[in-house]
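Visitor: I would like the atomic coordinates for the input below:
(2 chains)
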Amino acid sequence: MIISVKNLVKRYGNLVALDHLSFDVEEGEILGLLGPNGSGKTTAINCILSLLKYDKGEIRIFGRPMRPDAYDIKRDIGVIMQNVAVFDELTVYENINYFCGLYIPEKEKRKRLVEEAIDFVGLNDFRRFYPKKLSGGLLRRLNIACGIAHKPKLILLDEPTVAVDPQSRNNILEGIQRLNREGATIVYTSHYMEEVEQICSRIIILDKGKVIANGTKEELKNMISLGEKITVETSAIHPEHLAALRRIPGADSVEYANGLLVVKSGKSKNNLENVLDFLKKQQIGYGRIYSELPTLNDVFLEITGKELRD
Amino acid sequence: MQVFKLCIKVLEKNKTAMLIYIFIFLVISVMISRLSVSKPQTGYADVKTDIAFLSEENTPLVNGLKQELSKSANFVTVADQTEALQDALYFRDVTYIVRIPKGFTERFLKGENVRIEKTTVPDSVYGAYLDMKINRYLTTAALYAKYGGGMPQKKLVSLLKSDLDQTASVTLKPEKVRSAETVESGGTGTTFTMYYFNYLAYVLPAVLIFGIGAIMQVFNNRDLSLRSFCSPITARNYNFQFLLANIVFCIVCWAILLIPCALLDPKHFFSRATSFLLLNSFAFLLSAGGLSYLIGNLVKNRSAISALSNVCSLGPSFIGGVFIPRLMLSDTVLKIASFTPTYWYVKANEQIEALGTFDFSNLASSYGCMAVEAGFAVAFLALGLTAGKKTRVAG
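Guide: Okay, here's the model as predicted:
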């Protein structure tokens, strides 16, 4: 076990940011902490890193209790915060070298690690650039390089892709997967469910400081009744059609609004075929049809009754 | 030593601005110091003043006095009328009027208490000098009259003349003249070195606030601090490196600012007095460093730090006696200035400069001023630490 969090409670005055939060992180996994803004993701990360004092609970990393002065534990942790934290006064190379130097005192070893980190994030052409000369995406890459240059066993990434263009985002996500393949255990927080779905081997969904779901994405999706969502563009649906559609086997919910017919079904088979058969029989014209499997947003919606990005 | 090196890098990035500060300071302070410094007095010459000598009797003793005064005065003829005499004094035709009353000689030789009437221009230095001459003449004459066994007046005057003609050759040492002048002028100082040291009170805070402020801006960045706290570097090591970098910066600035003084005025720079000026400037360096630390913790904006470095260096310099001699400042201004380390620094400089001998009793007051400066340093540091802690807790 790499991280063990038990009954963690953190209050800001009357606000309970973490409410008896418990979870474990196994070696070699990419754990996603997913939740809307204010759900307690960053607070949890800050408590794990001993940046915040908590009111109750226990945190162990690498089997040892985590404290502000647990420097031997900190040596094997890499941190990439939500905000870019680099020195404007230092070049790309100097920044990575500085942060790597806080972990690795040996000059030769550090030099090699810094070169590897620059290679890893693809900043070779920008090594002499000052941060102010870098684009948002490159800056994020530098931020990551500063956090991983010392080759940590555990990497905590707190929303590292906020305000990043899609190309840079893919780059970053691929990089995280590569770090994991190279042996690092990763804790990744985000409120972008697509990212978490894409890279995480296990996902914990947080809401109001509590774990509301924990498992692989498949396990999470199996937790809910929704199996498929079918959307049909059509303009000729009458109330009697809706009543008939609701009688189709497996159709749990049928709604029509703004020219879109939405049929949500359970885990039954041939749902799309059944809907199309009905439309043909009733001679109802239709445009585009698309069928979607449930997303983590649907999981969140079903469990909490609200959208993930509310 | 990553943190130490980083601090130095931050300072390097700001070196141009700091060097401009230092260069401007050097030009201004050298220029003003050179213009303000008074030339040391190395010689002395008698100057004659215009006086009116009115005598109501004609005796050898009175004539002898007139002859003695003629060495230091030019006799101007003025009508013996009150209005004419008053006009002569008012228009400075004469600065001193001596009147010998009738029967003066006879009564004087008998040992009676008689006085010569004199009228002078108020506060005239010439008047004081002539008073001395007349006193000396009459005191010596009284001695001969008392112990001369009734010698004739002509002989008495001749002996008086030979006595008073005796002179001694005096050469004035420049250093001593400087000290004397400093004392007389109430401690405004006269040497280039002292002016230069006084002007340090302007440039040292300016450069230190700028430099330490720049470092603090970087290290007080919340995100960067969090990243550092996540690293395995111990808090003690981190703070030690940070403190060391700031101390090194302060000392280097101090040394850089002292070198021109040593080059431009080596004779005084390597004197005993200057060693105490150096000690005083070190005490001031501590308070300036403390103030910089406080400002660095309070202010979050680079341009605000730049503005504050000007305000905190120029303001106290104006009211503390750096640019304007303390003698010319009102008591209220000086009272306000005493709440700044600059006032105590300048005061100690002036006291040190006025001293001829440097024993503990003479230096006690200066040490007191230095202790106040060190006290300011401690207070600034304590406030800075409190402000820094508040900032971190808020973060």
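Visitor: tell me which residues of stretch A:214-221 are tucked away?
Guide: By 16 or more other CB atoms under 10 Å in any protein chain shown, the buried positions in stretch A:214-221 come out as A:Asn214, A:Lys217, A:Leu220, A:Lys221. C-betas here are computed from N, CA, C, even on glycine.
Visitor: again, but for stretch B:279-288
Guide: B:Leu279, B:Asn280, B:Ser281, B:Ala283, B:Phe284, B:Leu285, B:Leu286, B:Ser287, B:Ala288.
Visitor: Of the residues you listed, which are in range of chain A?
Guide: The subset of the buried residues of stretch B:279-288 within reach of chain A, by CB under 8 Å from any CB of the partner chain, is empty.
Visitor: next one: phi and psi at residue 108?
Guide: Since no chain was named, I'll use chain A. phi -70, psi -50 (degrees, to the nearest 10).
Visitor: same question, the one 10 residues further on
Guide: With angles defined as degrees, to the nearest 10, A:Ile118 shows backbone torsions of phi -60, psi -40.
Visitor: Same question for A:Arg128.
Guide: phi -100, psi 0.
Visitor: check contacts around it.
Guide: A:Thr91, A:Val92, A:Tyr93 (CB atoms under 8 Å, 6 or more residues apart in numbering or on different chains).
Visitor: Going by distance to chain B, which of those residues wins?
Guide: A:Thr91 (9.9 Å; CB to the nearest CB).
Visitor: I'd say the closest one and A:Lys133 touch.
Guide: No. A:Thr91 is not in contact with A:Lys133 according to CB atoms under 8 Å; the separation is 9.4 Å.
Visitor: For these two, indicate the residue with more neighbours.
Guide: Using other CB atoms under 10 Å in any protein chain shown as the criterion, A:Thr91 and A:Lys133 rank with A:Thr91 on top: 18 against 12.
Visitor: can you tell me the helix or strand for the nearest residue to B:Val333 once chain neighbours are set aside?
Guide: Spatial nearest neighbour of B:Val333, chain neighbours left out: B:Ile319 (5.2 Å); criterion: CB to CB, 6 or more residues apart in numbering or on different chains. For B:Ile319, the enclosing helix or strand under DSSP states H and E is helix B:302-320.
Visitor: and A:Thr189, which of the three is it?
Guide: Following DSSP: H, G, I helix; E, B strand; the rest coil, we place A:Thr189 in the strand state.
Visitor: for B:Cys261, helix, strand, or coil?
Guide: When the rule is three-state DSSP, B:Cys261 gets the label helix.
Visitor: pLDDT score for the nearest residue to A:Ile284 once chain neighbours are set aside?
Guide: Nearest residue to A:Ile284, sequence neighbours excluded (CB to CB, 6+ apart): A:Ala236, at 5.1 Å. Looking at A:Ala236, its pLDDT is 78.
Visitor: do B:Ala180 as well
Guide: On the pLDDT scale, B:Ala180 gets 42.
Visitor: For the residue nearest to B:Gln2 when sequence neighbours are not counted, the count of nearby residues, please.
Guide: Distances taken as CB to CB, 6+ apart place A:Gly101 nearest to B:Gln2, at 4.1 Å, with adjacent residues excluded. When neighbours are counted by other CB under 10 Å, A:Gly101 registers 24.
Visitor: and A:Gly101, what are its phi and psi?
Guide: The phi/psi pair for A:Gly101 (degrees, to the nearest 10) is phi -60, psi -20.
Visitor: what's the helix or strand A:Phe278 falls within packed up against?
Guide: Assigned by DSSP H and E, A:Phe278 belongs to helix A:271-281. Applying 3 or more CB pairs under 8 Å, 6 or more residues apart in numbering or on different chains; DSSP states H and E, one finds that helix A:271-281 contacts strand A:228-233, helix A:239-245, strand A:251-257, strand A:260-265, strand A:289-292.
Visitor: how much does the first one deviate in direction from strand A:260-265?
Guide: Spelled out, it's strand A:228-233. Interaxial angle, strand A:228-233 versus strand A:260-265 (axes from the mean of the first three to the mean of the last three CA atoms, to 10 degrees): 160 degrees.
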